[in-house]
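Undergrad: structure, please.
(one chain, ligands or ions: 1)
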Amino acid sequence: MQDGTAKPRKVVVIGAGVVGMGCASYLQRDGHDVTVIDRVAPGKSCSFGNGGGITTTSVLPLAIPGMMPTLVKWLFDPMGPLSVRWAYVPRLIPFLWRFWRNTKPERTRAITDALTTFMPPAYEAWEPLIEDAGLAHLVRHTGGLWLYRDDRELDRNWMPWQARQDRGLAIERIGANRIRQLEPAVSRRFNAGVIEPEWRYVRDPFEIVNGLAEHFKRRGGAILEEEVKGFEMSPAGPRAVHTDRGRRDFDAVVIAAGAWSHRLSAQLGSRVPLESQRGYHITLPNPGIEVRHIIMIGVARVAITPMTMGLRLVGAAEFPGVDAPPNYRQAQMVLAWGKRALPDLNTEGYTEWAGDRPLLPDSMPVIGPSPHYENVFYAFAHSHMGLTTGAMTGKLIAELVGGRPTSIDLEPFRIDRRF
Ligand SMILES: Cc1cc2nc3c(=O)[nH]c(=O)nc-3n(C[C@H](O)[C@H](O)[C@H](O)COP(=O)(O)OP(=O)(O)OC[C@H]3O[C@@H](n4cnc5c(N)ncnc54)[C@H](O)[C@@H]3O)c2cc1C
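TA: A predicted model of the protein is given here:
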């Protein structure tokens, strides 16, 4: 153990996405005997196809004052980021009710304050893992570039920028000339922008998780491709998981099962209103233009990232329920925005993908111990920030499992908070 406060334990981590592998890596560094269980190979679920942004200044929740009318507008706009499947709406109503409650100014402020403790140090938590696993070649520090049509559009959307400035986070407002200088391929329709100098991006989000997994195995960690069905209980609490292949004992368990985590937490007495906020990507193998930064199209919430396999465009927020098949019309909306921003884009040979962002109504992850069992820990619901904060979450979980004080106050991240 790093500080000798608690004995090494046999820990099972359920989920081999970026969050699960962040937890497994930090737990292994502390000397625990760690087994990761996932029904698919590491990094093959939501963590596979994200936008690669390490967006450490994204401290605003999705629910901000005035968001409800915007959501309604987006729903009826074919180029809007939001869509629902109407048959699923009755199931969504309790979630939307809670989401609405979180748009109150005092809630937005409290959530933003909590995320300001969590997001800005998130890259520091990545550094030792990236260095140990030899993954530095996959990370670029260029800053992020947000695009708006003109100053009026940016002024209308200034609230999140003001909130960042109020918390001392670096941003720089720029005009048309600077945009052309930074990104010559951007359309002249975009004449106002914001730079976030702290942002980094990852050139292959899957390879980051896969690289952590390979390093974890080289250091003696076990990864089992099995589906967890339930828990074996003893009078003191859960002691083993039952998978489709057998029984796996543990001293402690970490639930990092992304958009499926609520199904496992419910079995352990903690119900949470987790939804899948499905996003889509399009990857263009030969974009035919140069893009130097991670670019965000402000009103569309579409990100464009240069990656090793081509140019990736990501976006859309669909609420279909986690078991529904993908609707690639959403990916086409993302592509249409990409063409608006980068008119000379070559789209030949593109590939599409859909992934389930695990989202709670307050946009905050759950990170912390179970209120019922001392050996159960939760690490899920990272919505838009899982790549950014996978390592930070792992660091916090290792502190909890090791019985050490945590680097930040985890009270706002409790599983039994009021959503
Ligand atoms: C289009 C898009 C763009 C994004 N862009 C960014 C970005 O730029 N920056 C950023 O920080 N974040 C981004 N995100 C969000 C980020 O990808 C997610 O927050 C992150 O991948 C969540 O990681 P996870 O490990 O919690 O979940 P996952 O990667 O989904 O991993 C969870 C794993 O749990 C396993 N599992 C679940 N239940 C069981 C079970 N019963 N038994 C066994 N295994 C189980 C699943 O198989 C899965 O592999 C984006 C997401 C999308 C969809």
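Undergrad: every contact and neighbour count from this point should use C-alpha atoms.
TA: Noted.
Undergrad: assign residue 372 to helix, strand or coil.
TA: With DSSP: H, G, I helix; E, B strand; the rest coil as the basis, residue 372 sits in coil.
Undergrad: quick check: phi and psi at the closest residue to residue 299 other than its chain neighbours.
TA: Nearest non-adjacent residue to residue 299, counting by C-alpha to C-alpha, 6 or more residues apart in numbering: residue 148, 7.2 Å away. With angles defined as degrees, to the nearest 10, residue 148 sits at phi -130, psi 160.
Undergrad: does residue 148 touch residue 192 like I think?
TA: Yes: using C-alpha atoms under 8 Å, residue 148 is in contact with residue 192, at 5.1 Å.
Undergrad: overlap in contacts, the two.
TA: Taking C-alpha atoms under 8 Å, 6 or more residues apart in numbering as the contact rule, residue 148 and residue 192 both touch residue 154.
Undergrad: distance-wise, check the residue nearest to residue 299 relative to residue 28.
TA: Per C-alpha to C-alpha, to the nearest Å, residue 148 is found 44 Å from residue 28.
Undergrad: likewise for residue 94?
TA: According to C-alpha to C-alpha, residue 94 stands 39 Å off from residue 28.
Undergrad: give me the more crowded residue out of the two.
TA: Using other C-alpha atoms under 10 Å as the criterion, residue 94 and residue 28 rank with residue 28 on top: 20 against 13.
Undergrad: which residue packs closest to residue 413, ignoring adjacent ones?
TA: Nearest one to residue 413, counting by C-alpha to C-alpha, 6+ apart, is residue 366 at 4.9 Å.
Undergrad: wait, the one you found sits on residue 386?
TA: No: counting by C-alpha under 8 Å, residue 366 does not reach residue 386; the two are 11.7 Å apart.
Undergrad: tally of neighbours for residue 370?
TA: 19.
Undergrad: show the pLDDT at it.
TA: pLDDT recorded at residue 370 is 98.
Undergrad: identify the residues contacting it.
TA: Here residue 370 is in contact with 270, 376, 377, 378, 415 (C-alpha under 8 Å, 6+ apart).
Undergrad: at 10 Å instead, please
TA: Applying C-alpha atoms under 10 Å, 6 or more residues apart in numbering to residue 370 gives the contacts 254, 265, 268, 269, 270, 376, 377, 378, 414, 415, 416.
Undergrad: by neighbours, which of the residues you listed wins?
TA: When neighbours are taken as other C-alpha under 10 Å, the top entry among these is residue 254 (27 neighbours).
Undergrad: partner strands of the helix or strand containing it, with direction?
TA: In this structure, residue 254 is located in strand 252-255 according to DSSP states H and E. Applying DSSP bridges, strand 252-255 is found paired with strand 10-14 (parallel), strand 376-380 (parallel).
Undergrad: can you tell me which of the ones you listed is packed in deepest?
TA: strand 376-380 (a mean of 27; mean count of other C-alpha atoms under 10 Å).
Undergrad: any idea how far the next helix or strand after that one is from the chain center?
TA: Once the chain leaves strand 376-380, the next helix or strand it forms, by DSSP H and E, is helix 386-401. Helix 386-401 sits 12 Å away from the centroid of its parent chain (C-alpha atoms, centre = their mean, to the nearest Å).
Undergrad: put the alpha carbons of helix 386-401 into PDB.
TA: Provided in PDB are the C-alpha atoms of helix 386-401 (Å, rounded to 0.1, in the frame of the first residue of the first chain):
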ATOM      1  CA  GLY A 386     -15.700  10.000 -18.700                       C
ATOM      2  CA  LEU A 387     -12.600  10.200 -20.700                       C
ATOM      3  CA  THR A 388     -11.600  13.400 -19.000                       C
ATOM      4  CA  THR A 389     -12.100  12.100 -15.500                       C
ATOM      5  CA  GLY A 390     -11.600   8.300 -15.700                       C
ATOM      6  CA  ALA A 391      -8.200   8.500 -14.100                       C
ATOM      7  CA  MET A 392      -9.400  11.100 -11.500                       C
ATOM      8  CA  THR A 393     -12.200   8.800 -10.500                       C
ATOM      9  CA  GLY A 394      -9.800   5.900 -10.200                       C
ATOM     10  CA  LYS A 395      -7.600   7.900  -7.900                       C
ATOM     11  CA  LEU A 396     -10.500   8.800  -5.700                       C
ATOM     12  CA  ILE A 397     -11.800   5.200  -5.600                       C
ATOM     13  CA  ALA A 398      -8.300   3.900  -4.600                       C
ATOM     14  CA  GLU A 399      -8.200   6.500  -1.800                       C
ATOM     15  CA  LEU A 400     -11.600   5.200  -0.600                       C
ATOM     16  CA  VAL A 401     -10.700   1.500  -0.800                       C
END
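Undergrad: many thanks, have a good one.
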